[in-house]
Every structure is written in C-alpha cells, then in structure tokens.
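Asker: sequence below, structure please.
(3 chains)
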Amino acid sequence: MIDLLATHFNYLAVVALLAIGLYGVTASPNLVKKIIGLNVFQVGIFLFFVTSGFVDGAAPPLLGHGSAPYASPLPHVLILTAIVVGVSLTAVALALVVRIYDAYGTLDEDAIEEVRTYD
Amino acid sequence: MTDALPLLVVVPIVFALAPIAVDRVRENTGWLAAAAAAVAHLGLSFSVLGTVLGSGRTSYAVGGYAPPFGIELVADGVSAVLVVLVSAVTLATVVYARSVGPRSNTFYSELLVLTAGISGVVVTGDLFNLYVFLEITGLATYALVATGRSPAAALAGLKYLLVGTIGASLYLLGVGYLYISTGTLNMADLAGLLPAVGYDSPVLLTGFALLVVGLGVKTALFPLHTWQPDAYAESPTSVTAYISALVSTAAAYALFRVIYTVFTPTFDAAVPAALDVLVVLASVSVVVGSVLAVLQSDLKRMLAYSSVAQFGLVVAGFAVVNQTAAIGGLVHLVGHAVMKAGLFVAVGALATVAGGRTVDDLAGMADRAPVVSGAFAVLSFALVGVPPAVGFAGKWHIVLGAVEAGRWIVAGVAVVSTLLTLAYFARVLERLYFRDAPVAAGVADRPDAATASDTDAALTADGSGSGGAAGADNNPVDAVPTVPPQARVVVVVAAVAAVVLGVFATDLISVLEPVVEVSFQ
Amino acid sequence: MTEILSLRPLAAVLLPAIGVLAIVALRRNPDVREGATILTALATFGIVASIVPATLSGDVYVTRLGTLVPGIELTLSADPLGMIFALVASLLWLVTSFYSIGYMRGLDEHSQTRYFAAFAGSVGAALGVSFASNLVSLYVFYELLTVATYPLVAHDESETAREAGRKYLTYTFGGGVAVLAGAVLVFWTTGTVAFTPGGIAALASADPVIARAAFALLAGGFGVKAALMPVHSWLPDAMVAPTPVSGLLHAVAVVKSGVFGVARVVLDVFGPETISELGVGLPLAAVAALTILVASVIALRQDNLKRRLAYSTISQLSYIVLGLGILSPTSLVGGLLHIPAHAFMKLTLFFCAGAIHVETHTDNISEMAGIGRRMPVTMAAFAVASLGMAGLPLVAGFVSKWYLLIGSIDSGTAVFAGVLFLSGLLNIGYFWPIVYQAFFQTADDSDAKPLVEFPLGGQRVRADGGDPVDRDEEDDGTAGGDDDQTDPADTESSAGDDQTDPNGGADPDTGLDAGALIDTTPTEGTVEPDIDPSEGESQVELEAKVEGEYAVDRHPSDHRRDERGDDDPAPADAVPDTEHHADGTDDGHSHHGGAPASGWEARGFGAETTWFMLGPITVAAAGAVALGIAPRAMVFLAVIQRVVFEVTGVAV
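Answerer: Residues are numbered from 1 along each chain as shown, chains lettered A, B, ... in the order given. Presented below is the predicted three-dimensional model:
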C-alpha cells in the first residue's frame, strides 16, 4: 500500500483534484466558484495525462539526446490543446456570468432561483 | 476527392470569421456568410457521400502524418450520411433564421463554428480529436443557447456549460485510460490493440464507463439529461431546432463509434455486463423521458423531454450490439434529427401566431396556420412511428434486433414507446385541430362571422384543415402575426423528408449497413 | 394462381390519396369538391371492379413497390381475400359518398373539407389494408387508417368527441403496437411475413410458445379494431362521429380492417392447420362467442339508436371472428361472407339512423314511436336490414349465418351453433321494438310509453356531430332535457318545439309543470317516480340510464350550462366549449328530437328526406337483399369459396 502510494502518488493528486473540483461544482451555490471548481476538475485530468507520459530517467525524444527510453511527448501535446479548450470554456462561462449578474444582481444560484420564481 | 474531408471542418470556420472581419465595413454580412458556407458545406458533403458510395471508406491524414501517429479523418457510410444531414440541417436553419433571427453576426459565426465542430465529430477517426471537436461543439452551443436575450437563457447556457464540460472531461479521462493502456488514440488502431490488453481489464472497463458516461451527458440520457430541457426551452427557436437536431446526435454518433469502432462487438461478447448497464439506462431513459414529456405544458420542454426518450431508443439500439438493432439506432438517429428539427421550427412558428407556446395556446391553430399544423401532424405521427415514415423504419429494426438478441426489455420498451410518444403528441394535435381558439380571440377577430351564416365560413375557411393557406388569408385582423414563409418551407421540407426517408429507408440502410457489418466481422 | 404485374392495385390505393389532394385543393368550391369525392369513389370502385374477372379466373394482380425494410417487400397484391374487403369498401364508399353529401349538407356541418378529405384517406388506407401482401405492409396501412380516421371521430370538436378521439387513438394504436410486436415475432422465427394461403410453412415447426405468443399478439392487436370484447369500448364512444363515418368506417372499413387482419392471420399467416395444432382457434372462437352474446345484451339496453347499432356491430363482427376461430371450411366461408353481408345491412341501418337524425333530430329510440309515418322508406329499409341482422332468410345475414351454423356443427362445436341461435333471438329483441313502434304506434298512442315518460328535448349525445348553431338554442329552448331523459318538464316546455318556446329562457325550476320541480338537478340516473315502464324494452332503457351508459351522462360538464337559461350567461367553466359561435337566432335548426306535438306528419314516398340520403339507403338495402336472395350472383360468395379452397384445399 505504502509502496503503491509512493510510486503512484500522482494518481492520488489526480483523484484529489477531481474530487475537489467536482465538489466545488456541485456544492457551491456561487456561479463563479462553480467555474473555479470546473477548472480544478479539468486540471486534475490534465495532470493525469501529463504524468502518465513521464518515464523515470527517460530522455526527451529529441535526436542526439541520449538513447532510449524516451518519454512520450504526445500527452503533453494533447493537454496543451485541452488547456486551450479549457481556457475558452472559462471565458465563455465568465461572459455568461457577467450577463447573469447584470440581470439578477447576484451570483448565488439559490437567490437567482428565488428571483426567477417571482417573475 | 478526399480533400473534401478536412474542408468540411475548415470551410465553416473560415466563413465564421468572415462576418467578424468585415463587420466594421458592412453590417449584416453574417447571413450571407452563413448561407454561402452552408451551400458550400452541402456540396462538400455530397462529394464525400459520392466518394464513399463509389469507393467505400476513405480517410485523410491531417498534416500528412500517417495514422496511427497523425490525426486521421475518416468517412464511411455512417459518417457520410451524417455529414449530409449536418449540411442539410445547417442550410435549413440558415434559411429559417433569415426570417426569425437572431440576426446578429455573432449568431451566424457561432452557428458556423458549431457546424464545424459537429462535422469534425462526425469525420474524425481519432479519440482525442473527437474530444476537441466535442468541445468546439459544446462551446458554440453554450454561446448559442445564450443568444436568447433573456437572462434565463444565459443561466441555461451556463448550466449547460457546467454539466457539458464535466461530461466532456469525463470523456477525456476515459480517453486517457485507453491511451495509457494502448499508447494510441486512433480508433481503428485501438480496436486492434484492445483485445491484447484484455477487454476485462479494470483499466479498460473504467475507461469504457467514463467514455459512456461522458457521452451520455452530451447525449442527454436520463438521468444525465438535466441540462437539456432548459437549454432547449430558453434558446431562440432557430438555435433549438439546430441543436436538437445535431448536438445530441453528434454525441450519440460518438457513442456509436466508441461501442462499434473502438470496442467492437467482441467486447460485448467478452464483457456482456458492460452493455447490459447501458441497455437498462437507455430503456429507463425512453420511459422516463416520455412520461416527463407528457407532464410538460411548455411545448419546447415537451419536445426536449421527447428527445431524452428518443435518444434513449437510439442508444438502446446501439447497446443491444446486434447488427439489425445498430442499424435501427442509426436510422432513428438520422430520422429523429430531421423530425425533431422540423417539430421545433413548427412549434416556433405556431407559437408566434398563437402568442404563446404552451399546449393550450395552440388551441384551434390549425385554422390559422394550416400548413404548419399539417406538417406538425405529419412529423408527430412520423415520430410516433406510423409507417411509412422514417420513425417506423428505425423502430422496426431496433425491435427486430432486440428480439434477435433476446433483449426483451428493449423490444418491449421500443414497442411501448409508440404509445408513450403518442401520449404527448395526441394532446397537442387534439388542441390544434379539435379545439377552437380561446373565446377572446374569436370574438375580437370575427365580429361578423358569428352573425353571418356559418355555412359559408365553415365550408371555406374552416374546411381547410389539411392544407392550403386559407386560414391565414382569411383572417381579418391585420395585427395577427403570420407564419413566416421560410418557416413554412422548412417545416414542410422536414415533413416531406421524414416520409421520403422512411419510404427509401432501404437505400439509407444499404449505405449504413457496410459500416456496421465491418465491426461485426 | 398466376401473378400478373399490374398497376391496378396501386391505382386503387393511390386514387383516394389523389382524391384527398383534390378535395383539399377544391375546398373553396364545395360543389366541385363533392364532385371530386364522387369521381374518386367511382374511379376507385371501377378499378377494383375491373380486377374481379381476373380474381374469378384465379389470377392475381400484383404491384411491387420495392423494399419497405430489408427482407420485407412493399407489395400490393389483389388476391381473392383482399378483393373481398376491397370490393366491399370501395363499393360502399361510393354509396356513402352520396349519403355523406346529403348528411353533411343537411346538417350544415363545419369543416366539411377536412371531413371529406379524411374520409377519402381512410378508404385509401382501407384498400391498402386489403391489398397488402405481407404483415408489415398491412401494418403500414393499418396505422395509416387509424391516423386518417381520427379526424373523423373527433370531428364534432366537442369534449365528448375529443374524448372519443383520444380513446380511439389509444385503443387502436395499442392494438397496432401489438400487431407490430406480433409481426416482429413472426419475422424473427420464420424470416418472412409474406401472406401465404394456408399459412407460412415455417411457423408450423416454430417454437410453439413463440408461435402462440405471436398469434395472441396479432389476433389481440387486430381484435382491437374488430372490437372484440374486452377491447371494444372505443367503438360505442366513436359514435359521436357523423353518421356516414359510423356507417362506412365504424361498421365497414375500420372495424372490418381489424376482422380482415384476423382473417389474414388465421388463413394466410398461420393457416388453419397450424392454428388447430397450436390450439389457439378455440380460445379465439370462445372470445368471439362471448362477445356476440354480451354485446347483444348490452345492445338491448341502449336507447340511443347509434349506440345500439354500435353494440350490434360489435356482436356481428364477432360472427366473422367466430367463423375464423372454428376453422372448419364451411365456417370460414360463413365468416368471410359475413364481411360483405354485415356491411350492407349495417350500412343500411346507420344510413337510416342518420336520415332520422337529419330530418327530425331524433337520436333516441324511445322517441321514434310512429316515425314510420314520417319516414316510410327509411323505416322500411331499416326493417329489412333488421331482419337480415337477425338472420332471417332472403336477406344477406341468413346466408352467412347458415354457413356458420353448418360449419360449427361440422367441426363438432355445436355450442357455437347455440350461440348463433341465441344471438339471432337477441337481435330480434333489440331491433324489433324499433320497427314495431315505428309503424304500429304513434308518439301519442304508444301504450308502452306515456307521453310524460320521455322528454321531447331529447338527449344531447350529439352522436351526429350536431350543427354549429344549435347550442345556444338549447340554452333558451328546452333546458334540462339533455341530462335526464325522464324529466317530465321537457315534455311540456318543448311542445312547441320549432317555434319560439314559450318557456324560453326561463329556468326549468320555474317551469310550467309542477312536476318539473321534482327533478331539476341533472344528477345522473335520476329516475322519475311517475314513469310507467310498461314495456319490457323501456325498462332496460331506464336501467341503461341509471347506470349512466351514455357518454353525455358520464361527462355532463358541457351540458350543465344548459340549465341556466339565457339570462344567466354561460359561466367561465363552460367557456372552453363555446367554439360554435352563438348568434341566438333560430334558423330552423333545432336539435330537439322526438315527434312534434301534433305527432309525426305523414309523408309520401320520396318526400321524407333528400334523395342524397334516400338513394344510398335503398341501394344499401337492396344490396343486402340481393346478397340474401342470390348469393351466387353477387361475386362475393364465389371469391370466398376460392379463398377457402386455396387455404384448406376443400371446395365448399
């Protein structure tokens, strides 16, 4: 068990981040905090990908930089793309939050729900 | 012409930029750009379809990197059909939006980005690339949902964004699991490598579960559907029509690819429990979605829950893992897109004329909007599964496949779903045709008609239930909004398409069949 | 049997569809529109008739329309069995078209274009049902028939009609679903659903459990439209449709499509041999026998003429199913022959009911005493058809019943012969009083029914679709007569029926007759103490009322406002039903049934109603008689014998 934790501590971090993020999205009534939670959640996944490409003591896959084993560069590349996606999502989300705040004057989901039932 | 494949994605994106670029110089270029892109897209789609029909599966290596290392775009029977569907719906939406808006350039840009995303989902042969396109689709959809001016639309958009992103992230996590076990992301390559890993390995099973849940959120299967009714109800009609026809469809298509191209039916043979769960989930989705649809008074919400049910049927067809049922699922996927888009446009048009979009608002609308009402009736019965419309073709195959595979739940649910679907459409049709408009409107509109001999009025105006534009023309009040001609065209085309697709279902199936056959070999 | 490729079967199905388009296109010109209906009906019948010689010589015209779904062709084939149904439907459509015109115009019905279009669509679908060459094609048209008929059931646009429409859709789609499931099972076990005389061979060797399940689903599914008990109850409710619809569709085309489906299943899908091996014929026959008896008994209790006819239909349809369930060649002939026989007779009866309604606005049997003076030809036709229904010789019903009797004795199930005899007696029981009182009693002098017993205001079942302007008249006219038939006040207050009512606008509480005070609240099933139910029949009618048999009793909400009179405008809760614009003027169109105060006036031959209605009545009645006197001269018997020969190999 200890051994597993020692060698796979990155997965622990991933799981922790996923859990924190998911909790943030579901538990907080504040829309901005939900978005923050979403970002944490995604970072967990990014971490999962990036660390999975890591090989202990491996060389970067470049010509003339030692010999095998090489670390795989592909997960990093993928995650670069995923980060871009994540950033754009956050941007759209925040833009929507601004509109919601303009309309309701609050970011509290429960309060908004109350306002809407009055309408 | 394999170059058409990347162009399917590139063309809409380029045209999406055009309105923004020339916005300062000339306004309202959005519609032109969208129309041009839609027409070009349609042309490209047909050329892809032609290629596929001529020489079978074609692929394109993006950037010249040969798969499995580079990203591969693939067109086979299924994706070619769906690409044509995407183009057709895009064109119809652009035509429809001409009359009802939204008219802003940003709307058209977003629409084209969405088109690009969906086209990408459909043609990609790479799991991670699929994620990127799913997120492009998602991003554009969130923004489009929020184009409704109301704050409720923004809220619906944000809700959709939160749920949708979690779904996509779960999918991404699932991709990660597959990647760390095989080291590849290419679908075809994965299919070859997965058996070596062992289908029953926990990593693969977890990966599969994550992929299915992630796509289930995007497809809006019960109980992952919570984002969908709000999103459909709050967005402008042109947006609802588009996303109801294509966005969930794209996700369900991705599910098809995951089950059939990546995991292949041998996975089902090795681990039957995995798809049993999906079968149950989908069957529950059909029943609960239909029941919720019956409970709705808002028509858009009713149609939204109807989508939950219908996608349950589609996924049930996939999850049976049997050639007949899979084809049924695909046929219903295509048919549902056509029918649901038409239904949403029809509801939008009827709601404009009626001044409200609850079920009761539609009372007596058949007299005032006979063409749209007639098309609505045709589409409703098509979705119910009345032959020879396309709803029947899909349902027949799903039921038959389920029986062949011994999945009696799916067979039962699919058969009973006919009645459930009827339950929510019948009350709308009854109000459309067999109830008169509320008294207030009737008295105000027709001060003379009441005292004049009812005979003539009944013979001419009221008698035109099944067609013609008599109702609209005869209405004496100027201020009464009428159905825009574009809407009329779109609805009628959808209704005709639903019937024609059903009549020529065999030809549709002959295009789809080879793809499913391959995965069963 | 040789197959001949031909477009004729397709033409027969397509012509009505084209007719629909023509009718809709001509909606602005009712005369031309009706012309289109007649022309289409004529052309359709012509095409179907032109196939007859080939059928008699053993040839089958076939139109192949390609593949419906893989493995299943969409093929129309005019085989002998299909020809029976197609001939009946197309011939009687032509007759009904004339009648429809007379009826719909006689009542100034609303939405006539929709009515005629849906009617043509229904017939087209029925022809599709008859020519479909496999179960799935049959299902296609079967469902289309449901859809096309729905607007006709809900035509009246009243709450009752809507409810009937809802019920109709639920029942028939439920049946359709069962048919679909059964078809899937058959396709799955045998790989084909094509109709084969004598049955699909592979079914005989299939797993008996699956085969029985498939048979139960198919027979049960078709049984819904065939109105087998206990899934019959949509049919009496569907009587709110205009009478031509009740006549052609709910006595001929729609219900017979169900029966026809059962026939296809028995003869061409399973085949008599397989069915007797599976042991499912007897249960089917038992259900049919039970339906025959129970429906007849219920029919005795109906006062509304159309409802009584509806229950009679339910009972008579089961004759056919009984013949199919007994499985002996003779009974098969009898059952199949009853398809045209019952069609002619029941159509006559419905036509008569409709003519009475149009001319006198009388819907209830209790108000028809002496009506033979007013409508001699109509009631004579009614009498002839009733005799046929009871199975008396020289009318169509006798021939088919004869075969059925022989068949049931042949096959050793004499109990069914007993059922048939008993049913004949019951038929006389519920038809004879109508005929008797029409000719041999008068409204004033019907010993069985004292004047106070039945309100002249009549009961507003609106079985006919009514007319758009009558609602408010009833508000200021005879109030209260709708809900409680035995209200004595109405007899007085509506005495001056067609003139302005002296009691107009007044609340019935303050009515002229003190007796009215007893019963002013329209509670269901209130029976007045002063009733003298001296005739056996009226006793059962009263019982029917006590139990709230009528749709109007069960859903009185839209009638309540009638109690309030004019000076008390319709309250909000009644508003949803005010679709027909009130103008308050009397255009001579009252809905009050029964004889006028002076009794029925005597009218001579041809003066009782329009020839648009009288013509079809006489034609249909003549058809029923012709079929009874010279069954061989009419092609039906020959075609049916061919069908049975092909299926069983026995020449009957």
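
Asker: for the one residue sitting closest to the centre of chain B, give its distance to B:Gln521.
Answerer: Centroid check for chain B by CA atoms, centre = their mean gives B:Ala245 as the closest residue, at 2.3 Å. Applying CB to CB, to the nearest Å, the value for B:Ala245 to B:Gln521 is 32 Å. C-betas here are computed from N, CA, C, even on glycine.

Asker: now stretch C:279-289: buried residues?
Answerer: C:280-282, C:284-289 (16 or more other CB atoms under 10 Å in any protein chain shown).

Asker: sorry, that was for stretch B:272-281
Answerer: B:274-275, B:278-279, B:281.

Asker: do the same with stretch C:19-34
Answerer: Judged by neighbour count (16+ other CB under 10 Å), stretch C:19-34 contains these buried residues: C:19-20, C:22-27, C:30, C:33-34.

Asker: ignoring the adjacent residues along the chain, who's closest to the residue of chain B found nearest chain A?
Answerer: Relative to chain A, the nearest point of chain B is B:Pro151 (3.1 Å; CB to the nearest CB). Excluding the flanking residues, the one nearest B:Pro151 by CB to CB, 6 or more residues apart in numbering or on different chains is A:Ala103, at 3.1 Å.

Asker: pLDDT score assigned to the one you found?
Answerer: pLDDT, A:Ala103: 85.

Asker: and it, which of the three is it?
Answerer: Applying DSSP: H, G, I helix; E, B strand; the rest coil to A:Ala103 yields a three-state assignment of helix.

Asker: that one contacts B:Ala154, doesn't it?
Answerer: Yes: between A:Ala103 and B:Ala154 there is a contact under CB atoms under 8 Å: 7.0 Å.

Asker: out of these two, which sits in the busier spot?
Answerer: Taking neighbours as other CB atoms under 10 Å in any protein chain shown, A:Ala103 and B:Ala154 compare with B:Ala154 leading, 26 against 16.

Asker: contact partners for the more buried one?
Answerer: For B:Ala154, the contact set (CB atoms under 8 Å, 6 or more residues apart in numbering or on different chains) comprises A:96, A:99-100, A:103, B:146.

Asker: so it belongs to a helix, correct?
Answerer: Yes: counting by three-state DSSP, B:Ala154 is part of a helix.

Asker: what is the neighbour count of C:Trp432?
Answerer: C:Trp432: 15 neighbours (other CB under 10 Å).

Asker: that one contacts C:Leu387, doesn't it?
Answerer: No: applying CB under 8 Å, one finds C:Trp432 not in contact with C:Leu387, separated by 9.1 Å.

Asker: name the SS class of B:Leu73, please.
Answerer: Applying three-state DSSP: B:Leu73 is strand.

Asker: partner residues bridging it?
Answerer: Note on B:Leu73: beta-bridge partners by DSSP bridges are B:Tyr60, B:Thr124.

Asker: for chain C, longest strand please?
Answerer: As assigned by DSSP state E, the longest strand anywhere in chain C is strand C:59-69.

Asker: how about the contacts made by the most centrally placed residue in chain A?
Answerer: Centroid-nearest residue in chain A, with CA atoms, centre = their mean: A:Gln42, separated by 1.8 Å. By CB under 8 Å, 6+ apart, the contact set of A:Gln42 is A:21, A:82, A:86, B:165, B:169.

Asker: 6 Å instead, please
Answerer: A:86, B:169 (CB atoms under 6 Å, 6 or more residues apart in numbering or on different chains).

Asker: and it, how close does it get to A:Ile79?
Answerer: 10 Å.

Asker: tell me the residues on the stretch 251-400 of chain C that lie near chain B, please.
Answerer: Contact residues, the stretch 251-400 of chain C versus chain B (CB under 6 Å from any CB of the partner chain): none.

Asker: in the stretch 251-400 of chain C, which residue sits closest to chain A?
Answerer: For the stretch 251-400 of chain C, CB to the nearest CB, closest residue to chain A: C:Val254, 48.4 Å.

Asker: give the contact list for the closest residue to that residue other than its chain neighbours.
Answerer: Leaving aside its sequence neighbours, C:Val254 sits nearest to C:Thr149 (CB to CB, 6+ apart; 5.6 Å). Contacts for C:Thr149 (CB under 6 Å, 6+ apart) come out as C:122, C:249, C:254.

Asker: pretty sure the first one is in a helix, no?
Answerer: The one in question is C:Ser122. Yes: judged by three-state DSSP, C:Ser122 forms part of a helix.

Asker: surely C:Leu94 touches C:Leu39?
Answerer: No: with contact defined as CB atoms under 6 Å, C:Leu94 does not count as touching C:Leu39 (10.3 Å).
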